[in-house]
Each structure stands twice: as structure tokens, then as C-alpha cells.
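Undergrad: The sequence and its predicted three-dimensional model are supplied below.
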Amino acid sequence: MSQRSVLIVDDDSKLVELLQLYFQKDGFVVFTANDGITALNIAREKEPDILVLDLMLPGMDGWDICRTLRRDSEVPILMLTARDEESDRLVGLEIGADDYVTKPFSPKEVVARVKAILRRTKRTTVKTESVRMGDVVIDLEQYQVTKGGQPVELTPTEFKMLELLAANPGRVFSRLQIVEQAQGYSFDGYERTIDAHIKNLRRKIEDNPREPVYIQTVYGVGYRMAGIPNE
């Protein structure tokens with residue numbers, strides 16, 4: 001089994017060294033960067049399995065790094081954010097990050113979050129079927145989604161959530177059920193996180209995200225996938 005690799009990006013050198021120590025103890029190959037430009041270059045050259053990315057960086061901030069990588073990469077991204085910057089976290093999720101951890105945090109928590117993300121993005125079982133909803137097709141074997149025959153770029157978390165809902169049309173999932181099944185754990189603020197991911201999915205697969213046909217809101221409960229017959 002090949003070693004997993006992580007790129008840690010933060011302008012706090014002591015924090016980077018601490019996280020590096022914990023990841024190396026867990027068997028990770030670790031790359032580090034203290035500024036945005038260096039981080040982007042390393043991400044493209046080394047192609048790590050996951051990024052641990054601070055938002056506030058010199059040269060190029062975490063939002064721009066995330067946007068740039070999402071143009072041609074599905075690498076999972078775990079954001080590091082300040083506790084009082086909820087709007088920043090939501091923006092990060094909307095532009096393609098998979099999860100976030102708020103500062104101050106335990107290095108063990110960061111490692112656990114990264115391992116959970118990698119577990120849910122690893123395709124250990126080959127699935128041969130696909131799910132079709134109108135002009136949206138979810139290919140479970142190729143780990144791809146198309147709409148009207150055109151590829152739809154999803155983050156690993158978005159794909160997992162869509163797969164969960166599409167596999168259970170008509171079933172209502174609470175936000176807690178979605179986060180536990182799609183992300184493998186629950187955490188403070190998970191409701192806002194799920195809402196941000198749902199907003200992203202609607203923007204990508206719905207003809208009119210403001211009037212969704214596929215992913216429906218069940219007010220006071222959660223979300224469900226409409227029971228649309230295959231075409």
C-alpha cells in the first residue's frame with residue numbers, strides 16, 4: 001500500500017512543524033508551504049492526496065488557491081479557519097473545499113479529519129451501475145457525474161452526498177444523517193456545512209438552483225432526492 005501524502009499550508013511555521021510531526025507519526029509523506037504561491041506550485045508538482053490549507057496566507061490566499069486548483073483538480077481540501085469567521089468557512093465550502101477545522105484545534109483532530117476525508121474518497125469497491133435522474137447521470141464506477149452529456153466537476157464530499165441521496169430517492173435525510181454518512185463524523189456547525197454543499201450541488205446539477213427539481217428541501221427536517229424515473 002502506497003503512503004498517503006498531505007500538503008500543509010500555513011504561514012505559522014511552528015504550527016506547520018507541529019502538524020508535520022503528527023502526520024509523519026501517522027505514516028504520511030508531508031509537504032509544507034508557508035505562502036500561497038509556493039503551495040500552489042507544490043500542489044501541482046507533487047500532487048498530494050489532500051491539502052490542509054489555511055485561508056489567510058501571504059502572496060495568494062487560501063480562497064484563490066482553492067479556486068485555482070478546482071479548475072483542473074479534485075484533490076480534497078481541508079481548510080483551517082479562525083473560530084469567528086463563519087462566513088469565510090461557508091465561502092470556502094462554496095468554492096470547493098471539502099471540510100474545515102477552526103483554530104485553535106488539536107493536531108490529532110486535524111489528522112483524524114484528513115483520514116476520514118481520505119476514507120470516504122477512496123473507492124475500495126468497484127461499482128458497475130450508474131444512477132440516472134433526468135439528464136443527470138452518476139457513474140459510480142468511474143466516479144463521474146454528467147449533465148446533458150457534459151461533465152460536472154464535484155468535490156469528493158459533493159459526490160458522496162449526491163451518491164447517498166440518489167441511491168435513496170424519496171427518502172428524507174436529516175443534516176446529521178447526511179454529514180455522518182457522507183463525511184464519517186459529526187462536528188459543530190455541520191448544519192451550515194451541509195447547506196453549503198447542497199447549494200453547490202444544486203448550482204451544478206439543477207437547471208434552476210432557485211427552483212430545484214432533484215434535491216428537495218424538507219423544511220424542518222433535511223433533504224431528499226426526488227423520485228425521478230430514469231430516462
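TA: It's in.
Undergrad: When you work out contacts or count neighbours from here on, use the C-alpha atoms and nothing else.
TA: Noted.
Undergrad: Please pull out the lowest mean pLDDT helix or strand from this structure.
TA: Ranked by mean pLDDT, DSSP states H and E, the weakest helix or strand in the chain is helix 86-94, scoring a mean of 69.
Undergrad: Quick check: next helix or strand after it?
TA: strand 99-103 (DSSP states H and E).
Undergrad: Tell me which other helices or strands the next helix or strand after that next one touches.
TA: Sequence-wise, the next helix or strand downstream of strand 99-103 (DSSP H and E) is helix 107-121. For helix 107-121, the packing partners by 3 or more C-alpha pairs under 8 Å, 6 or more residues apart in numbering; DSSP states H and E come out as helix 13-25, helix 156-166, helix 175-183.
Undergrad: now for these, which one comes closest to C66?
TA: Among the helices and strands packed on helix 107-121, helix 156-166 comes nearest to C66, with 13.9 Å by C-alpha to C-alpha.
Undergrad: and the closest one, how far from the chain's centre?
TA: Relative to the centre of its chain, helix 156-166 is centred 10 Å away, using C-alpha atoms, centre = their mean, to the nearest Å.
Undergrad: Quick one: list the elements packing against that helix.
TA: helix 107-121, helix 175-183, helix 190-205, strand 222-225.
Undergrad: any idea how far L93 is from P169?
TA: 25 Å (C-alpha to C-alpha, to the nearest Å).
Undergrad: between the two, who's got more neighbours?
TA: Each of L93 and P169 has its neighbours counted (other C-alpha atoms under 10 Å); L93 has more, 27 against 17.
Undergrad: now that one: how far from I205?
TA: 17 Å.
Undergrad: and if you look at L154?
TA: Per C-alpha to C-alpha, L154 is found 10 Å from I205.
Undergrad: where does the most centrally placed residue in the chain land on pLDDT?
TA: Nearest to the mean C-alpha position of the chain, by C-alpha atoms, centre = their mean, lies D98 at 2.0 Å. On pLDDT, D98 comes in at 84.
Undergrad: Check A196 too.
TA: With respect to pLDDT, A196 scores 85.
Undergrad: Do I have it right that it meets E94?
TA: Yes - taking contacts as C-alpha atoms under 8 Å, A196 lies within contact range of E94: 6.0 Å.
Undergrad: mind listing what I198 touches?
TA: By C-alpha atoms under 8 Å, 6 or more residues apart in numbering, the contact set of I198 is E158, I215.
Undergrad: same thing but at 10 Å, please
TA: The contact partners of I198, taken as C-alpha atoms under 10 Å, 6 or more residues apart in numbering, are E94, E158, M161, L162, R192, K204, I215, Q216, T217, Y223.
Undergrad: what's the pLDDT at the fifth one?
TA: The per-residue pLDDT reported for R192 equals 74.
Undergrad: got it, and the fourth one?
TA: Listed pLDDT for L162 reads 89.
Undergrad: Return the distance of it relative to L93.
TA: With C-alpha to C-alpha as the criterion, L162 and L93 are 16 Å apart.
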